[in-house]
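1. Any chance you can model this:
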Amino acid sequence: MGKMKPALVVAAISSATLKRACMFLAVFLTAIYLHGDIFDQGDQELKFRAGKTATVESVRDEIIGAVWSGAGLPTAGVDNVETGVESPASISQSNLLRVDRLTISRGEVVSRPHVWVPIEGNGKIAIYHAGHSTVEASWRPGRVAMASALLDAGYTVVAIYMPFAEAGVIDLTQLHNELPEPTEEFNALSLFVEPVVRVINHFDGLVPVMVGVSGGGWTTALVSAIDTRIRASVQIAGSMPSYMRADEEKPSRDWEQYLPGISPDIADYLDLYAMATDDGRKQIQILNDEDTCCFKASRYYSHLPYGGAISEATDGRWSW
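-> You can find the predicted model right below:
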């Protein structure tokens, strides 16, 4: 069978309510398919490396080397599993067997994701990344509805939090902006993505899908690009290509948004988006017209859109 040329599917979401967006992406993750209008822009002048001047695989290897200071993707699983813990949110119990909590250590930085184990599973794991929120603030009504829908559909649901979120730090952005610049021995960027990789290692045999909000959307964009086991992903208000934000009067990007250690000569966000869709994988990016922070949807239309470049360079389906 020949390769099918992908199309850019328009899934414009302008609602201010995260609940509607979360329910939308829950349906997507369950169905893993969307129909829409073909949208092709004359955007071949965009700087785009993967699929143009280098293979997707070689760019991926360079990013992984930059994030883990020359090493490959982590192969370890989690350090500890605590079973039967209290749930941090009122997730639906109709298909809930139990709630577990994992421990993942990277030096002094510890990540402790929650896991909702279904009674009847579907062989898939849905990873939800909450972004710049404390554990308690990660569970707004729309996010609870999303996790409940996924659990009821048979997904094992895992909630992962930003570095230091579980320590009760309120201003995660300030703390992240104080992280050291990368060296040959260590890149703090790995603190953001390694917990996701090690969760996937732990649940070997389950097919991963991922959704992230805000900083979690950024994490989703990066980790979906470098870990090809993630078959479908949804990134919500987490990133834009650098050229779309170059004219900001007051740049609102956090330390990690600049992709420290990953040279622009290696990759930019366009490459990450494309790499999340190779080998038939799928990704949706959701931007909000009423975003008061960083990723207002109108900015996409006011700059050169990037859909056509992604479609031509990948064998997957990327939609916005």
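2. The stretch 1-150 of the chain: helices as residue ranges?
-> 18-31, 56-67, 141-152 (DSSP state H, counting those that start in this stretch).
3. Those: lowest mean pLDDT?
-> Lowest mean pLDDT of the helices of the stretch 1-150 of the chain: helix 18-31, a mean of 47.
4. quick one, phi/psi of residue 76?
-> phi -70, psi 160 (degrees, to the nearest 10).
5. In space, what's closest to it - neighbours in sequence excluded?
-> residue 198 (5.9 Å; CB to CB, 6 or more residues apart in numbering). Bear in mind the C-beta positions are built from the backbone N, C-alpha and C, glycine included.
6. Would you mind giving me the confidence score for that neighbour?
-> In this model, residue 198 carries a pLDDT of 98.
7. State the number of residues packed around it.
-> By other CB atoms under 10 Å, 24 other residues sit near residue 198.
8. ok, now which ones touch the residue lying closest to residue 152 once chain neighbours are set aside?
-> Nearest-residue entry for residue 152: residue 95, 5.1 Å, with adjacent residues in sequence omitted and distances by CB to CB, 6+ apart. Residue 95 makes contact with 118-120, 151-152, 154, according to CB atoms under 8 Å, 6 or more residues apart in numbering.
9. Next one: residue 95, what pLDDT does it get?
-> 98.
10. and what of residue 82?
-> 98.
11. From residue 83, how far off is the closest residue in space to it that isn't next to it in sequence?
-> Of all residues not flanking residue 82 in the chain, residue 101 sits nearest, at 4.6 Å (CB to CB, 6+ apart). Distance, residue 101 to residue 83, by CB to CB, to the nearest Å: 8 Å.
12. quick one: which of the two has more around it?
-> The residue with more neighbours, out of residue 101 and residue 83 and counting by other CB under 10 Å, is residue 101; that gives 19 against 10.
13. Counting neighbours, what do you get for residue 256?
-> Neighbourhood size, residue 256 [other CB under 10 Å]: 23.
14. For it, give me its contacts.
-> Residue 256 neighbours (CB under 8 Å, 6+ apart): 176, 179, 189, 192, 215, 218.
15. could you give the angle of the helix or strand residue 209 falls within to helix 141-152?
-> Per DSSP states H and E: residue 209 is located in strand 207-213. Note on geometry: by axes from the mean of the first three to the mean of the last three CA atoms, to 10 degrees, strand 207-213 and helix 141-152 are set 170 degrees apart in direction.
16. Just after strand 207-213, pick out the following helix or strand.
-> helix 215-226.
17. elements contacting that next one?
-> helix 56-67, strand 124-129, helix 190-202, strand 207-213, strand 232-236, helix 269-275, strand 282-286 (3 or more CB pairs under 8 Å, 6 or more residues apart in numbering; DSSP states H and E).
18. Residue 102 against residue 200, yeah?
-> No - at 11.8 Å, residue 102 does not count as touching residue 200 under the criterion of CB atoms under 8 Å.
19. residues making contact with the strand holding residue 209?
-> With CB under 8 Å, 6+ apart as the criterion, strand 207-213 contacts 18, 25, 29, 32, 123-131, 143, 146, 155, 196, 200, 218-221, 223-224, 227, 229-238.
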